[in-house]
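Novice: what follows is a predicted structure for the sequence shown.
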Amino acid sequence: LRVDKSEGRRLVNIRRSTGFLQKALLLCPNSAKIHFEFAEIQCSISKNYDLARIHYLKAAQILPSSDELWFKSAHLLHYHMRENSEAERCYQQCLSRNPVHVRALIHYGFLLC
């Protein structure tokens, strides 16, 4: 059995980043950027979709004008969690802020098919 040192370092860096973001959230609980970054790690790397959902939606509530936050929430709900009615609501929120958000239009179309 061979241990890949680069993979071990990567896991340590992910854990450290997650820890730093958790501390940052304690200091700045109303930071959409921190909630977004934390959700990105939870979704993309840790595959903790429930926690990612909480933080994407929290970021979108803090900064409701951000079409990208609504899109990320919708995408997570649609593809990873299969919560299509909630995903539809988030796609609609995204498109109400930016009617030409190409990725939202495409993925919302897939949802409706």
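Specialist: Received, thanks.
Novice: neighbouring contacts of the least confident helix or strand in the chain by mean pLDDT?
Specialist: Lowest mean confidence among the helices and strands of the chain (mean pLDDT, DSSP states H and E): helix 5-27, at a mean of 82. With contacts defined as Cβ atoms under 8 Å, 6 or more residues apart in numbering, helix 5-27 is touched by 31, 34, 35, 37, 38, 41, 45, 46. C-beta: built from backbone N, CA, C; applies to glycine.
Novice: show me what counts as buried in it.
Specialist: 18, 21, 24, 25 (16 or more other Cβ atoms under 10 Å).
Novice: save those residues as TSV, and put in distance to residue 83 too.
Specialist: Below are these laid out as TSV (distance: Cβ to Cβ, whole Å):
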residue	distance to residue 83
18	24
21	24
24	28
25	24
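Novice: of all the residues you listed, which comes closest to residue 103?
Specialist: Of all these, residue 103 sits closest to residue 21, with 24.8 Å by Cβ to Cβ.
Novice: and that closest one, how close does it get to residue 55?
Specialist: Distance, residue 21 to residue 55, by Cβ to Cβ, to the nearest Å: 9 Å.
Novice: what's the overlap in contacts for those two?
Specialist: residue 38.
Novice: mind listing the helices for the chain?
Specialist: Secondary structure of the chain by DSSP state H: the helices cover 5-27, 32-41, 49-62, 67-75, 84-97, 102-112.
Novice: so which of these is the most packed in?
Specialist: helix 67-75 (a mean of 24; mean count of other Cβ atoms under 10 Å).
Novice: contacting residues around residue 60?
Specialist: Counted by Cβ under 8 Å, 6+ apart, residue 60 has contacts 32, 66, 69, 70, 73, 90, 93.
Novice: which residues of this protein score low on pLDDT?
Specialist: 1-8, 10-11 (pLDDT under 70).
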